[in-house]
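**Student:** build the 3D model from these lines:
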Amino acid sequence: MTFPPLITFKQVSKFYGRGEATIRALDRIDLSISSGEFVAIMGPSGSGKSTAMNIIGGLDVPSSGEYLFQGIPTSRFDRSQLTLLRRHMLGFVFQGFNLLARTSAVENVELPLVYRGMDHKERRQRALAALEQVGLKGREGHTTQELSGGQQQRVAIARAIVTDPAVLLADEPTGNLDTRTSIEIMELITRLNRDNGITVIMVTHEEDIAAYGKRLLRFVDGHLASDQSQVREPDHVL
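**Tutor:** I've put the predicted structure just below:
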């Protein structure tokens, strides 16, 4: 039995504005990403990489063309169905961590499970397990202000994976971190991809961070300029 790609773009375009002011953020993109891949996306500002990421994440919709998730056209989804897609199938990690201030690590990680309506005991158990998986056992009760930048990003990753998503979407996950901490975070994301089978799609401006991906997409002026496999190892290894 042949399964469809996890993510498919068929001639996806995205326009902003009208008339002469129209900005073509994406121009007829064809793309397929299979389950279990680790894909890095690069490109200069305004290249379309963030727009593509937003469409994959159900945060935006194409102006034309079709985005399919597990072979199902997302154009069939209404707003509530797109919310369910994000809640059950996708995990998000951002450059700015996006954690709740003055809230403990475990409570931050529990938040997606609260939205699911999970009872307190089960969500606490799952949140604690996720924090242990990212190396923060013993830091569960610490608030955001009591954690380093790297630890905050680990909490954010735990929050992203606590729902067992099919896809981890990482937008500049090391952008606010020093070099050594960036390596630690990328080793963690690589391990989640390798050992847990989570599909990783990551936007980055940094070549050495992109090297962790097994596939590199480069966007230029709304076009997918290149799509290549990567076999070399990152320059930095812990």
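**Student:** so what pLDDT did I29 get?
**Tutor:** You'll see I29 listed with a pLDDT of 97.
**Student:** for beta bridges, what are the partners of it?
**Tutor:** In this entry, I29 is beta-bridged to V12, by DSSP bridges.
**Student:** isn't it up against L224?
**Tutor:** Yes: counting by CB atoms under 8 Å, I29 does reach L224; the two are 5.3 Å apart. For every residue, glycine as well, the C-beta is placed using N, CA and C.
**Student:** surely G141 meets N108?
**Tutor:** No: proximity of G141 to N108 does not meet the contact threshold set by CB under 8 Å, at 11.4 Å.
**Student:** neighbour-wise, which of those two wins?
**Tutor:** N108 (24 against 10; other CB atoms under 10 Å).
**Student:** so the more buried one sits in a helix?
**Tutor:** Yes: residue state for N108 (DSSP: H, G, I helix; E, B strand; the rest coil) corresponds to a helix.
**Student:** which residues touch it?
**Tutor:** By CB atoms under 8 Å, 6 or more residues apart in numbering, the contact list for N108 reads 99-100, 144, 155-156, 159.
**Student:** of all pairs in the residues you listed, which one is the farthest apart?
**Tutor:** Greatest spatial distance in those: T144 and R159, 11.9 Å, computed using CB to CB.
**Student:** shared neighbours of these two, which are they?
**Tutor:** What both T144 and R159 touch, as defined by CB under 8 Å, 6+ apart, is the set 99, 108.
**Student:** quick one: contacts of stretch 172-182?
**Tutor:** Outside of stretch 172-182, the residues within contact range by CB under 8 Å, 6+ apart are 93-97, 148-150, 153, 157, 185-186, 189, 202-206, 209, 236.
**Student:** list the ones among the residues you listed that fall in helices.
**Tutor:** Among these, the members falling in helices (DSSP state H) are 149-150, 153, 157, 185-186, 189, 209.
**Student:** may I see the residues you listed arranged in a markdown table, with pLDDT as well?
**Tutor:** Listed next are the ones in helices among the contacts of stretch 172-182 as a markdown table, based on pLDDT from 0 to 100:
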| residue | pLDDT |
| --- | --- |
| G149 | 95 |
| G150 | 95 |
| Q153 | 96 |
| I157 | 97 |
| I185 | 96 |
| M186 | 97 |
| I189 | 97 |
| I209 | 96 |
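**Student:** the contacts of N108, buried ones only, as a PyMOL selection?
**Tutor:** In PyMOL, selecting the buried portion of those, with burial taken from 16 or more other CB atoms under 10 Å, looks like this:
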select buried, resi 99+144+155+156+159
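**Student:** and the contacts of N108, which is closest to A52?
**Tutor:** A156 (21.4 Å).
**Student:** so the closest one versus V162, what's the distance?
**Tutor:** Relative to V162, A156 is positioned 11 Å away (CB to CB, to the nearest Å).
**Student:** ditto for I189
**Tutor:** 15 Å.
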